[in-house]
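**Student:** Kindly return the folded structure for what I paste below:
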Amino acid sequence: MAKKIPLRVCTGCGESKPKKELIRILRTPEEDIVVDATGKKNGRGAYICCSVECLHKSIKSKGLERSLKVEIPRQLLDNLEKELVSLESGVKKGI
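**Tutor:** Predicted coordinates for the structure are as follows:
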């Protein structure tokens, strides 16, 4: 029997994709917003495709804020964007 692949919905484009293909944005119990590279950290998570475009859609529609149930300051969104850009370029290089 085939192993079940967990699916998650991107808060930007709304597509369901395997959990491993998405990046988890996390609201920690201390109310910090961080990128959870391991996908195992404790806290409330929202998933997003590994593209800056999806992050922009998510910010515009406030999908990320709704999923994390918290208002995200502009500077934090800029930091997330920088992290995503470096992750995205790492994925394209095959790291």
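
**Student:** C-alpha from now on. contacts and neighbour counts both.
**Tutor:** Fine.

**Student:** Tally up the residues packed near residue 23, please.
**Tutor:** 22 (other Cα atoms under 10 Å).

**Student:** residue contacts, it?
**Tutor:** 35-37, 39, 47-50 (Cα atoms under 8 Å, 6 or more residues apart in numbering).

**Student:** Give me the buried subset of those residues.
**Tutor:** Neighbour-count burial (16 or more other Cα atoms under 10 Å) is assigned, among the contacts of residue 23, to 35-36, 39, 47-50.

**Student:** Any buried residues in the worst-scoring helix or strand of the chain on mean pLDDT, and which?
**Tutor:** Across the helices and strands of the chain, the lowest-confidence element by mean pLDDT, DSSP states H and E is helix 74-93, at a mean of 78. Neighbour counts using 16+ other Cα under 10 Å place 80-81, 84, 87-88 of helix 74-93 among the buried residues.

**Student:** rewinding a little: which ones among the contacts of residue 23 are found in strands?
**Tutor:** 35-36, 47-49 (DSSP state E).

**Student:** which one of the contacts of residue 23 sits closest to residue 7?
**Tutor:** residue 47 (10.2 Å; Cα to Cα).
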